[in-house]
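1. Please work out how this folds:
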Amino acid sequence: MYRFIVTSRYSSMLLALGVLWAASSAAQAAADCQPVFDAYEAQMKVPAMKKTVKTPGMKDPAELILTQDALYGRVGAADTWDKTPLSPAVRAMMKEKTASPKTITDCSKLGAQQMDGVAVTAYEISPTAATGNLPGEKLTVLIDDKSGLPVSETALKAGTEAKIVYEGVTAPMP
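-> Predicted coordinates:
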């Protein structure tokens, strides 16, 4: 009987520790997500950004320039720029797809790194299918420590790499 009580107390203590650890892990994951959410929220407010995306199997990278009123895109430097006007409804739809508690299921802070001589913090995130990523995809996002903006995204399964710049970006003349 005494052995049962000790075992039962030990099991209860382990269970309680497990629950505390899970709650702590969930709280840490939520804390790790907030800088990612903040970075993408700030990105939606910049006047312009350019994203260059390299995808395995594609000869040339895709280039996207996003301004407050249009999205420009081309594949390779020899391609001509296409322009898509952005209505308030389209901007709202884009915002729904950015990193938020609705579109990210998990985050973990990987730590400090350097990218092209710039101090960044790396995060690994798990986007939902609503973002258009492969099921089970994980992304590594680098956030510039100074500006707080995302400057790189790497999709681990798809192998897609994107670099994002904000300075000196202007709309092309299609």
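2. and the residue nearest the centre of the chain, what does it touch?
-> In the chain, the centroid-proximal residue (C-alpha atoms, centre = their mean) is Val141; its distance is 5.1 Å. Applying C-beta atoms under 8 Å, 6 or more residues apart in numbering to Val141 gives the contacts 36, 39, 99, 122-125, 150, 152-153. From N, CA and C alone the C-beta is placed, and that goes for glycine too.
3. Please identify the nearest residue in space to it, excluding sequence neighbours.
-> Tyr123 (5.0 Å; C-beta to C-beta, 6 or more residues apart in numbering).
4. I'd assumed Gln34 was in contact with Cys99.
-> One thing to correct before we go on: residue 99 is Ala, not Cys. No. In terms of C-beta atoms under 8 Å, Ala99 does not count as a neighbour of Gln34; the distance is 10.3 Å.
5. Which one's more surrounded, the two?
-> Ala99 (23 against 11; other C-beta atoms under 10 Å).
6. hang on, that one in a strand?
-> No. Read with DSSP: H, G, I helix; E, B strand; the rest coil, Ala99 is coil and lies in no strand.
7. Skipping its backbone neighbours, what lies nearest it in space?
-> Using C-beta to C-beta, 6+ apart and skipping residues adjacent in sequence, the residue nearest Ala99 is Tyr40, 4.1 Å away.
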